[in-house]
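Colleague: My questions concern the predicted model and sequence given below.
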Amino acid sequence: MIIGKLVSLSSPRLVATLAALYFVLIAAAGVPVTALPGSTWVALKPLPNQGSSAVFALAVDPSNDQVVIAGNSQGTLLRSADGGSTWSSVHTGRPGLTAIAFSPYSGGLVIAGTRGGGAIASSDDGATWKAVSGLDGRTVHAFGFSLTVMAAGTDRGVYLSQDGFAWTQSGLSAHNIGALAVAAIHTPVKLIAGSDASASGGSVPLFVSADAGVTWSLLTPAISGTVIVKLAAGPLPPKGTVRPLVAGTNAGLFQSADNGATFTPLSGGDLLPTVDYTQVAFVTTHYNRYYVASDGGGSGLGGLWRTTDGGNTFATLAPPASSISALAVSNEESPILYVATFRPADHVAALWAFRDTGGAPVGPVVTPTPVVSGVRTSPSGGSGSGLLSALRSSQAPYVGLGLAALIVIGLAVVANFRGSRR
């Protein structure tokens, strides 16, 4: 009877109410990522046994935006084949995961680096894994791919591989290479590597190889900071010959149009905050469209931003938490962003999905932590402690959205019963 009366009424108010209810119920139910509403943050289920362990490595298959690999600081690799709706453990027993990367040129190949335990690789989209040779004992920070060779940045220089499973050292062995990018994917392959050791004159050292790692030259561009944390090379501009290069340091974000010889600052002023930038990801074939993220370095100024004009302007995507610990971007015009966040105040780790359709970001209400808000909580076991515990958990967005759905349903029923009596 109630449903019949609601359906029979077609007032604009009812239509708007039911539309709002639709989106609330979708978010509250944990909608599959394939049906993500545009530009809306959706909380994913926590990883099995995640607890307060932060996720520092994420990767999404470039040919299938539903296949996602996550690695946590405890050394566990987890895989999802349905966009984060469900997860399964696919490898354990290694030190903390530092980097995960799918090869864009070898279907099914994915490699994961560890902290002091070398790397492991998979040839079946991350379903099964085995140890690689040649990287034993290395801390692996980053991977880069060309059409003919792949590279790894480690605590003892750069290593190269033809298949991802057998690796050999290829220079810069005295340097800790924390960032790596491929500036030319065709032969001759050009590699750019960033280190954390101070160069002469106080510049952050950057190295370039124009022969796939056989020889290296030192660059000392004017970049602030002491560590190059992230390097990413975008697609070639139309009629261009040099790929845009974006570098994130512990003190800002910079961009180069000449293979790293000179850089333009993108942070500071009215553009972006001057913090560490740990994530950079370009979108498909767009040389001027990419995402950057920061964990804030404990400053509270972290976040996630998008540019569509090559870094001239940036727009925040308003993530549910400001400290971004990992980012993966799918390979589509309207990509899915898989984002890991970590709240240092209460060690809450969470995973999110966001389909970027270019609209203003919409997100769930996230309850502030007691440390941040200064709200006094009930003693353990006291009145309301169960609800407060739920609100503090990683499921807080689901709890809030569920309550919102109930309120909307109640208001819709009351409003339409009143309308039917007139």
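Modeller: Received, thanks. Residues are numbered from 1 along each chain as shown.
Colleague: so what does the helix or strand containing Ala181 touch, helix or strand wise?
Modeller: Ala181 belongs to strand 177-184 when assigned by DSSP states H and E. On a contact count with 3 or more C-beta pairs under 8 Å, 6 or more residues apart in numbering; DSSP states H and E, strand 177-184 meets strand 140-145, strand 150-154, strand 157-161, strand 190-195, strand 228-233, strand 245-249. For glycine as for every other residue, the C-beta is placed from the backbone atoms N, C-alpha and C.
Colleague: Now it - C-alpha only, PDB.
Modeller: Extracted in PDB, the C-alpha atoms of strand 177-184 (Å, rounded to 0.1, in the frame of the first residue of the first chain):
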ATOM      1  CA  ILE A 177      67.300   5.500  -6.600                       C
ATOM      2  CA  GLY A 178      63.900   6.400  -5.200                       C
ATOM      3  CA  ALA A 179      62.200   7.500  -8.400                       C
ATOM      4  CA  LEU A 180      62.300   6.400 -12.000                       C
ATOM      5  CA  ALA A 181      60.600   7.300 -15.300                       C
ATOM      6  CA  VAL A 182      60.900   6.300 -18.900                       C
ATOM      7  CA  ALA A 183      61.200   9.400 -21.000                       C
ATOM      8  CA  ALA A 184      61.500   7.600 -24.400                       C
END
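Colleague: strand partners of that strand, parallel vs antiparallel please.
Modeller: Sheet pairing of strand 177-184 (DSSP bridges) gives strand 190-195 (antiparallel).
Colleague: following the strand it pairs with, which helix or strand shows up next?
Modeller: Taking DSSP H and E, what comes next after strand 190-195 is strand 206-209.
Colleague: where does the stretch 1-150 of the chain dip in pLDDT?
Modeller: 1-34 (pLDDT under 70).
Colleague: what ranges do the helices span in it?
Modeller: Assigned helices in the stretch 1-150 of the chain, in chain order: 2-8, 12-28 (criterion: DSSP state H, counting those that start in this stretch).
Colleague: ok so, going back, tell me the gap between the strand holding Ala181 and the middle of its chain.
Modeller: Centre-to-centre, strand 177-184 and its host chain are 18 Å apart (C-alpha atoms, centre = their mean, to the nearest Å).
Colleague: that older thread, got CSV for the helices and strands packed on strand 177-184, with distance to Ala70 and mean neighbour count too?
Modeller: Shown next, in CSV, are the helices and strands packed on strand 177-184 (distance: least, C-beta to C-beta, whole Å; neighbours: other C-beta atoms under 10 Å):
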stretch, distance to Ala70, mean neighbour count
strand 140-145, 16, 24
strand 150-154, 20, 27
strand 157-161, 23, 23
strand 190-195, 25, 26
strand 228-233, 18, 25
strand 245-249, 21, 26
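Colleague: could those go into a markdown table alongside distance to Ala101?
Modeller: Formatted as a markdown table, the helices and strands packed on strand 177-184 follow (distance: least, C-beta to C-beta, whole Å):
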| stretch | distance to Ala101 |
| --- | --- |
| strand 140-145 | 4 |
| strand 150-154 | 9 |
| strand 157-161 | 12 |
| strand 190-195 | 15 |
| strand 228-233 | 12 |
| strand 245-249 | 17 |
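Colleague: Please give me every residue in contact with the residue nearest to Asp61 when sequence neighbours are not counted.
Modeller: Nearest non-adjacent residue to Asp61, counting by C-beta to C-beta, 6 or more residues apart in numbering: Val67, 3.9 Å away. Going by C-beta atoms under 8 Å, 6 or more residues apart in numbering, Val67 touches Val60, Asp61, Arg79, Ser80, Ala81, Asp125, Gly126.
Colleague: Dig out what the first one forms beta bridges with.
Modeller: I take that to be Val60. Beta-bridge partners of Val60, as defined by DSSP bridges: Val68.
Colleague: quick one on the thing from earlier: what angle sits between the strand holding Ala181 and strand 157-161?
Modeller: 50 degrees (axes from the mean of the first three to the mean of the last three C-alpha atoms, to 10 degrees).
Colleague: Can you measure across stretch 115-123, start residue to end residue?
Modeller: 22 Å (C-alpha to C-alpha, to the nearest Å).
Colleague: Quick one: residues contacting the most centrally placed residue in the chain.
Modeller: Centrality entry for the chain: nearest residue to the mean C-alpha point is Leu327, 0.7 Å, by C-alpha atoms, centre = their mean. Going by C-beta under 8 Å, 6+ apart, Leu327 touches Leu58, Gln279, Ala281, Tyr291, Ala293, Leu304, Leu337, Tyr338, Val339, Ala340.
Colleague: List the buried residues in the host helix or strand of the last one.
Modeller: With elements taken from DSSP H and E, the one containing Ala340 is strand 336-343. Across strand 336-343, burial judged by 16 or more other C-beta atoms under 10 Å covers Ile336, Leu337, Tyr338, Val339, Ala340, Thr341, Phe342, Arg343.
Colleague: For Arg306, see how far away the residue nearest to the centre of the chain is.
Modeller: Distance, Leu327 to Arg306, by C-beta to C-beta, to the nearest Å: 11 Å.
Colleague: got any residues that touch both of those two?
Modeller: Tyr291.
Colleague: and the direction of the strand holding Ala181 versus that of strand 228-233, what angle?
Modeller: In terms of direction (the same axes, to 10 degrees), strand 177-184 departs from strand 228-233 by 10 degrees.
Colleague: Now tell me what touches strand 177-184 from outside.
Modeller: With contacts defined as C-beta under 8 Å, 6+ apart, strand 177-184 is touched by 141-146, 151-155, 157-158, 189-196, 207-208, 210, 227-233, 242-243, 245, 247-248, 259-260.
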